[in-house]
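Engineer: have a look; sequence and predicted model below, questions after that.
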Amino acid sequence: MVFSVYCIHEVSDKYAKIPPSQPGGYHRSMTPRDQLRFDDIRVLDGGMASELEFLGADISGPLWSAHVLEDAPEKVTAVHRAYLEAGADILLTASYQVSRQGYAEFGLEADRADAALLRSVELACTARKEFVKEGREVLVAASLGPYGAALHNGAEYHGNYDCSFEDLVQFHRQRIAVLAGSEADLLAFETLPSLEEAHAVGVALEPWPTLAAWLTFNCPDHQAEQLKVAHGEPLRSCAAVAAGFPQTVAVGINCTQPRWLGPLIAELRGASSKPIVVYPNSGEGWDAECRCWTGSSDPVSFGQLAREWYAAGARIIGGCCRTRPAHIREVADAVKSL
């Protein structure tokens, strides 16, 4: 995959450096945790990569939507804008697949990955600023995929990594250090497959006690029916650990089939009193052999399910893979009547 050239200094020079001995490497400007409120229901956006594909972007490379941050950033902004128009009041950045390790695998320097992280936040913040309406608060959550996402082999859906616990901590801490100096409101650690990686995120966050973060786990079908995460640990145990970190503002589930959410939300409620965030897939299935999506998804039915998820205890509701603005519009319409 050939990248177009993007001047990383155009982004990184905007952030004043501080001595490397201080956590983060940049003057922190993220919203402090105690200033965020999730008392009322919030509508999260939907799938980023699939929506970029619908707009004609090429996401076939190993870095997925990260390619588009450099090659066609206007498409990323267009996706953010579409979700805002659909009623979302939390935007996830297009940074799920961005990491130093993932970039290094393809010969790209660490500075390139760091700049892409900052660029993703900048694009979401720009869309928010352009769309702002009186009385409507929009938050930007920096999307951070698990270690498995950097391996480009689907390991995030089983969590069987060939690395040490220290490797996991370092992987997450590198990205936190960059984003701590961004304008994001919180960090979204997504698609976590295991209890061990949740522990690693907590350790990685330790130098930044005032940052806000949520942690969401993925539960594939064969594990979800047993109320377990991808690696096999009970979801309730994982959520309890995640909720115990001082930075945690919510715990939840993403990249999971909608049909499992009812009992999984019950497990989350049993684990802690933290707000619950859910953003499942559209309901379509992925055929790994044919490398294609199967089945169909009805946005209206998705919105109806959102009512059930709210009744079960979810307070932040959106969509993950293959969900589109039509799904989020139905969610937003559904929650207005709650």
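Structural biologist: In hand now; what should we look at?

Engineer: what about the strands in the stretch 201-338 of the chain?
Structural biologist: 213-217, 248-254, 276-279, 285-287, 292-294, 314-317 (DSSP state E, counting those that start in this stretch).

Engineer: sheet partners, orientation included, of the longest one?
Structural biologist: Strand 248-254 has the following sheet partners, assigned by DSSP bridges: strand 213-217 (parallel), strand 276-279 (parallel).

Engineer: list the buried ones in that strand?
Structural biologist: Neighbour counts using 16 or more other CB atoms under 10 Å place 248, 249, 250, 251, 252, 253, 254 of strand 248-254 among the buried residues. Just so you know, the C-beta spots here come from the backbone N, C-alpha and C atoms, and that holds for glycine as well.

Engineer: could I get the CA-only coordinates of it as PDB?
Structural biologist: Extracted as PDB, the C-alpha positions of strand 248-254 are listed here (Å, rounded to 0.1, in the frame of the first residue of the first chain):
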ATOM      1  CA  THR A 248     -13.200   4.700  33.800                       C
ATOM      2  CA  VAL A 249     -16.400   6.600  33.100                       C
ATOM      3  CA  ALA A 250     -18.200   3.700  31.400                       C
ATOM      4  CA  VAL A 251     -17.900   0.000  30.600                       C
ATOM      5  CA  GLY A 252     -19.500  -2.000  27.900                       C
ATOM      6  CA  ILE A 253     -19.700  -4.100  24.800                       C
ATOM      7  CA  ASN A 254     -18.900  -3.500  21.100                       C
END
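
Engineer: what ranges in the stretch 51-200 of the chain fall below the confidence cut-off?
Structural biologist: Low-confidence segments of the stretch 51-200 of the chain (pLDDT under 70): 134-135.

Engineer: which residue ranges form the strands in it?
Structural biologist: Using DSSP E, counting those that start in this stretch, strands in the stretch 51-200 of the chain cover 90-92, 139-144, 186-192.

Engineer: for those strands, which one sits closest to residue 129?
Structural biologist: For the strands of the stretch 51-200 of the chain, proximity to residue 129 was assessed by CB to CB; strand 139-144 is nearest, at 10.3 Å.

Engineer: can you give the distance of the closest one from its chain's centre?
Structural biologist: Strand 139-144 has its C-alpha centroid displaced from the chain centroid by 6 Å (CA atoms, centre = their mean, to the nearest Å).

Engineer: coming back round to it: take the strands paired with strand 248-254 and write them to JSON lines, including mean pLDDT and mean neighbour count.
Structural biologist: Shown next, in JSON lines, are those (pLDDT from 0 to 100; neighbours: other CB atoms under 10 Å):
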{"stretch": "strand 213-217", "mean pLDDT": "98", "mean neighbour count": "28"}
{"stretch": "strand 276-279", "mean pLDDT": "98", "mean neighbour count": "28"}
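
Engineer: identify whichever of the ones you listed lies nearest to residue 94.
Structural biologist: Per CB to CB, nearest to residue 94 of those: strand 276-279, 15.1 Å.

Engineer: contact partners of the closest one?
Structural biologist: 44, 46, 214, 216, 250-255, 261, 264-265, 268-269, 309, 313-320, 323 (CB atoms under 8 Å, 6 or more residues apart in numbering).

Engineer: which ChimeraX command selects the buried ones in those?
Structural biologist: Buried residues among the contacts of strand 276-279 (16+ other CB under 10 Å), as a ChimeraX selection:
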select :44,46,214,216,250,251,252,253,254,255,261,264,265,268,269,309,314,315,316,317,318,319,320,323
